[in-house]
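**Q** Sharing a model prediction with you, sequence too.
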Amino acid sequence: MITLTEITIIPLISLVLYTFILVIILTSNKTKLSNAFSFYIIAMIIWSLGSFLMKTDMPPSSLFWDKFLLIGFVSVPVLLLRFSYVFSEYYEGKKVLLIGYFLAVGLMVLSILGYVIKSASYSDGVFTYEIGFGAYIVAVVGLVYSALALGNMVVRVKRNEVNLKKVRLVIIGLALVIIGAALNLNTKLGEYGIDILFNATNAVLITYAIYRNKFLEINLVVKKGLSFSFYNIILFGVYASLIIFSYNTLKSWGVTDVYMSILFMSPVFLILEPIRRILQKWNDHIFFHATTDRQIILMEFSNLISSAISLDLITDSLIKAITTGIDSREVSIMLKNSNKYILSNTTIVGANYKKLFIKYSHPIVSWFKKGNNLLLSSQINNHVTFKGLWDIEKEAIKALNTEIIAPIRYLDDLIGMVIISGRNDETPYNEDETDFLQTIINNAAAIIENAKTIENIKKQSITDELTKLYNHRYFHDTVGKWISNRKYEIFSVAMIDIDQFKIYNDLYGHMAGDRALKRIAELLSNNTYKDDLLVRYGGEEFVIFMPNLESRDALKAIERIRRAVEDEFLLSNEIKEFLTVTIGASSYPQDGTSLEEIIVKSEEAMFYGKQSGRNKAVLFKPDASSKEINDKVQEQIKNAHLSSIYALAATIDAKDHYTYGHSNNVAELSAALAEAADFSAEEIEIVRSAGLLHDIGKVGIPESILSKPGYLTDKEMEIMQSHVVQSISIIKHIPNLLDTVPVIISHHERYDGQGYPRGIKGKNIPILGRVICIADAFDAMTTDRPYRRGLSLEQAEYELIKNAGKQFDPKLVTLFLELIKKNGLEKLSLENRTTV
Amino acid sequence: MKNLREMLRDEDFDGIWKAYLGFLDLTIDEFMEIQEQLLLEQIDLLNQCKLGEKLLGYKDIHNMDDFRKYVPLTTYDDYADTLLNKRSEDLPSEPLHWVQTTWKGGKKPIKLAPYSSTMVEEHTKMFLSSLILSTSKKRGHFTLKNYDRFLYGMAPLPYLTGFAPYILKNEIDFKYLPSTEQAEKLGFKERNMVGFDLAVKKGADLFFGLSSVLVKIGEAFESGSNSGKSIYPSNGKQAIKMVKAWYKKKIKKERLLPKDLFEFKGIVCGGTDSDTYKSQIEYYFGTTPLEIFGGTESAAVATETWSRNGLTFFPDVNFLEFIPEIEMKKEEDQEGYMPRTVLFNEIQPGETYELVITKLRGGAFVRYRIGDVIKCVGLENVEDEIKLPQVKYIDRVSNIIDLSGFTRITKQIIGDSIKLSNLEINNWTACKEYGQSRPYINIYVENNLEEDEDVIRTKLNNQMKLMDSDYNDVHALLGHDPLKITILNFGAFEEYSNQFKTSISKINPSSEELTKLIMCSEGMNI
């Protein structure tokens, strides 16, 4: 018969406990660790079962059960070592383990042959046994392997290969196992199975360590079952003990009557309910505290954001809730904007917001768009979908310490992503935690989208749509506030105007103009400091508010910007680009006492720069903006202008004297026609200069093509025609002559749209270009060439009339013919003529 | 991120397959998507460096179409100045290693290729993919382990294959035969011999080498002309094998083959003639080798899979383009013709192509002609369930004769050898022909002085050995003489020119051209 005594109770408790642990392991996810641990537990079950039955009169005999227990007993140390290796991820000890397995088998054989326990008997509740020489071998082997298991853990911790926090409970457990085994050598203590008790304690500690470090994902149903059983066993134990203790106490007081007993014990019954509640709370805390905490976090988060409209507040709260709920080290949120996902908020200190973005075409976006829920870093590293990731994209993912990426979805649209690093305690996330993550993100999605919409509307009202810079209104609102709050003692304002932007627009169209504006805005943005405020002030004007910058530093800053634009456009390899900027700057308080005054002064400085030749960075000087300085500068410019033209004309002359004569004639004829058409004096000067320079691009055309008699091949013709565009590459470097660019570039356009380089037609061709076109053709027709004589005046007139409306502007042809009729051409100083 | 060593320890076999061989599950569209994504990255990197400026020109190139339209095809000449002077600052990414190879027919004796850290990582990964596949019998299955014994028969540093043992150290633990430390002190031949002896002693699991070298080892073993040292086994398994081998040789008096002593889990082989040598390797070693295709400039390009029936390209090492045969012909006929390329999703079964690569991940080579010709053998591998086009390596482009994977014989080498050996040969043509077991060079000569064929062969052979150390190695390392001379009658070449109004190519004329030449030699009108 099996009776519970003080020597059978320990093995029995251990047996129940081990079975309990085995159930947990078997119902959890299978890993190498759970596998190693389950073998250790099975050995312990054999040991404790054998130990329990050995101390009862269960047949066949105590000796049989003793030999049975030894199967577990000799296996435990080596299996413990195996577990220790797996737990600490140490893989070099396979030989030691192999020896251990051999030794264990050998010891089992010794035990069966009766060399370990010679005899064992149980009678009248007393268990006695006699050990043989094998028992010492068993003890030594057991001690050595248990010590190795402990030693391995300690060494790994010392070498920092394993975190002490992760393994401390296992170390304590292993130490207990060794102490228990050592005590076993004393046969008196051995009777009680203290070693089993210590092993059982070890098993509990290991189970807790595994649970705590999430090496096992305990199945929810099992978890509930376990919690229910655990709670009921404890409850039963406490109730039974309390009642038995009270009953015995009453009995010792001599109260034996049932009614009296019930009466006396009624206060005891009254305290049972509070005790039950306390036990229930403890039980929930052990098994479900994390879940309960997360529910509270979810509730608090929902309350907080339900009324929030600020995107920053919402993302801050979301990050806080996630870090608290699942103990993540870092959390970052990326939100969708017009063309990519940008970093919106993060806990990472010093994160580079500009560099951390994800494009729409990014494989991560495609992954989520396919309906996948969570993306783990291991998937990014190993899944073939992510083979196309760029190195910089991988770096961005690394910079965010990515462990998990969770999508933020709203109405089938991926509106953002939450990027989560590993946990503070370096344990992996479990299913409960990822469920929490998805729930909280789902709760936040609609509110984030709403806040984003509001923010966008707000932003649109203060942002310039084309350049995405702030606008005039935002500048005055914000800087106005700063000034009234006296936020900055010193500041400078720069006024930037794009030179000849109208010409650029006329030449290349408004689309190209818009692109140039965007590029310049980007350049300005890249060349301003973090605290500067850059706005598109209007049209082609930008303003930069530069806090804490004195005039000297402001000059350096605007010069840097001027040079950046010059490098990108004027000095670029693209010959058609000629844009520059003129920048004026003034500083507070030295140049004015109010914002308006400072802006006006910077504008004055900018105008001064424009008048002194454009592409300038100018600091406001009170004495430099006066009219007389202006006149002086204008005079200088005019001189520079003329000398530029003559220098260039000399260049053409050097190439071919005939071309010079032609250019001079075109200049004279164009100016005469412009005068006849009542154009302003300024326009007449422009057309004269343009006439002189219209063929300047020919300096880049090879002699062989330029002076080739007869027809040109297609290829040669292409090269020849390129002289028009080539002209710009020369003229763009002389700011005073930029006005001539639209005229020169259109002198080969035809009224019917069949010309080049742009093929524009009718009134889309700049009027001065149409003037030059007639002058150019007329001069070409009426001058001698090395291989033919020029046409007569009548023939030339006939050609002009014939081509009016086709090649030439018909109105201008009429004017030109009138001019001829009035003998207007005779007054002109034309060269290389035969007919005029 | 876990490396292969850790994944093997964790027995995460599924994870390993996904990480290293996941590309075998790609569809052609997915493959092309990866190609395009990484090409865009490469264009971006090229746009920021001097070499890119030179190759891409001043065109604003931001997509695949413009890239193929405006960037010309290149050869090593386009890079020689930058790479041979190691101008790292001009490259798309900082090189971690400079890998060397010979430059046959080039302006300098060697070529250098830069490898950035990402390229090294990718190359390692691709090489491991092939190693895993060499031990695989079906999808998802493989037997590669940590501490596998690895007989490594490839060229040492600074050649590309010499890097593998060093870069693999970060990924997996192999026991190299001999160890890398010992190998560094040995020459190519000694290393192979020491390695082989060690393999006999300890057993070997993996082999990587030139197919021709493997066959040579097998032949030497079969004829009993290996190192001859007494070797004692270092483990029980090997001892049993040696006893069995002894029984077979001494008692049964049968020929001993390497497969009697080894049980390779996988053999990976490379080199131009791998396909030719496959059956011999299987005969000697009992394992069908798995072919990996690559080169110094391109790194690993493609690998065979478990059925060993066609090469599958790696999607993320090179951007792949192919010059169709018809375009190759046009180029041959018209000087300065820039051949058109097709993309990987446009190649057709049965067609032959010259491979053009753009190195991804910051590499230097852009639309680069590596000089290899491949044939598309199918749009998928039905047996292995791979839905990507399959190719077979054919040979080097026709103006080079490649022998055994490391010898490149050019027109100049043969021409100079004829001149220096004082043979009165005015007209000749040479081509690679395939014997029963191995390829050889056949030089068709017009015998002016009616010299004896053997005399011509010996003189030419000796001169070619002097001229080209690799050619000498074919004799010294592999022990076979790859030269054959075919004497043609005097006037054959002139007759050919007269009849066909063109002269025959000096190197690798087509079989049709050769037939015509032989007929001209025999005085037949065609």
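**A** Yes, it's here.

**Q** which outside residues touch stretch A:559-577?
**A** The contact list for stretch A:559-577, computed with C-beta atoms under 8 Å, 6 or more residues apart in numbering or on different chains, reads A:494, A:496, A:508, A:516, A:519-520, A:523-524, A:526-528, A:544, A:578-583, A:615-617, A:725-726, A:728-729, A:732-733, B:58. C-betas here are computed from N, CA, C, even on glycine.

**Q** Test my guess that A:Leu97 contacts A:Arg82.
**A** Yes. Counting by C-beta atoms under 8 Å, A:Leu97 touches A:Arg82, with 5.6 Å between them.

**Q** State the number of residues packed around the residue lying closest to A:Glu716 once chain neighbours are set aside.
**A** Nearest non-adjacent residue to A:Glu716, counting by C-beta to C-beta, 6 or more residues apart in numbering or on different chains: A:Ile705, 4.9 Å away. Close neighbours of A:Ile705, defined as other C-beta atoms under 10 Å in any protein chain shown, add up to 16.

**Q** Starting from chain B, give me the distance back to A:Ile705.
**A** In this structure, A:Ile705 and chain B are 22 Å apart, going by C-beta to the nearest C-beta, to the nearest Å.

**Q** you'd agree that residue is up against A:Ser722?
**A** No. The criterion here is C-beta under 8 Å, and A:Ile705 misses it with A:Ser722 at 10.3 Å.

**Q** what about A:Tyr474, how many neighbours?
**A** Counted with other C-beta under 10 Å, A:Tyr474 comes out at 17.

**Q** Roughly how far does B:Asn422 sit from B:Asn462?
**A** For B:Asn422, the distance to B:Asn462 (C-beta to C-beta, to the nearest Å) stands at 12 Å.

**Q** Repeat that for B:Ser211.
**A** Taking C-beta to C-beta, one finds B:Ser211 at 27 Å from B:Asn462.

**Q** Looking at those two, which has the bigger crowd around it?
**A** In this view B:Ser211 and B:Asn462 are compared by other C-beta under 10 Å, and B:Ser211 has more residues nearby, 25 against 14.

**Q** Looks like that one contacts B:Ile292 (just checking).
**A** No. The criterion here is C-beta under 8 Å, and B:Ser211 misses it with B:Ile292 at 10.8 Å.

**Q** who touches both of those two?
**A** B:269-270.

**Q** how many neighbours does residue 327 have?
**A** Let's take chain A. Counted with other C-beta under 10 Å, residues neighbouring A:Asp327 total 15.

**Q** look at chain B instead
**A** With other C-beta under 10 Å as criterion, B:Glu327 counts 18.

**Q** nearest spatial neighbour of it, skipping sequence neighbours?
**A** B:Pro339 (3.7 Å).

**Q** does the one you found count as helix, strand or coil?
**A** coil (DSSP: H, G, I helix; E, B strand; the rest coil).

**Q** Residue numbers of the stretch 301-450 of chain B in contact with chain A?
**A** Neighbours of chain A within the stretch 301-450 of chain B, by C-beta under 8 Å from any C-beta of the partner chain: B:315-316, B:361-362.

**Q** What segments of the stretch 1-150 of chain B are strands?
**A** B:95-102, B:110-116, B:148-153 (DSSP state E, counting those that start in this stretch).

**Q** Now the first one: average pLDDT?
**A** Which is strand B:95-102. Strand B:95-102 carries an average pLDDT of 88.

**Q** so where is the stretch 1-150 of chain A shaky, pLDDT-wise?
**A** A:1-9, A:29, A:125-127 (pLDDT under 70).

**Q** what helices or strands is the longest strand along chain B leaning on?
**A** The strand spanning the most residues in chain B, taking DSSP state E as the definition, is strand B:368-378. On a contact count with 3 or more C-beta pairs under 8 Å, 6 or more residues apart in numbering or on different chains; DSSP states H and E, strand B:368-378 meets strand B:290-295, strand B:352-359, strand B:390-396.

**Q** if we can go back for a sec, neighbour count: A:Leu97 and A:Arg82, which is higher?
**A** A count of neighbours by other C-beta under 10 Å puts A:Arg82 above the other of A:Leu97 and A:Arg82, at 23 against 16.

**Q** Any chance of the backbone angles for that one?
**A** Backbone torsions of A:Arg82, given as degrees, to the nearest 10, read phi -60, psi -40.

**Q** hang on, the earlier thing: would you list the strands of the stretch 1-150 of chain B in TSV and tack on distance to chain A?
**A** Output for the strands of the stretch 1-150 of chain B, formatted as TSV (distance: least, C-beta to the nearest C-beta, whole Å):
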stretch	distance to chain A
strand B:95-102	13
strand B:110-116	9
strand B:148-153	15
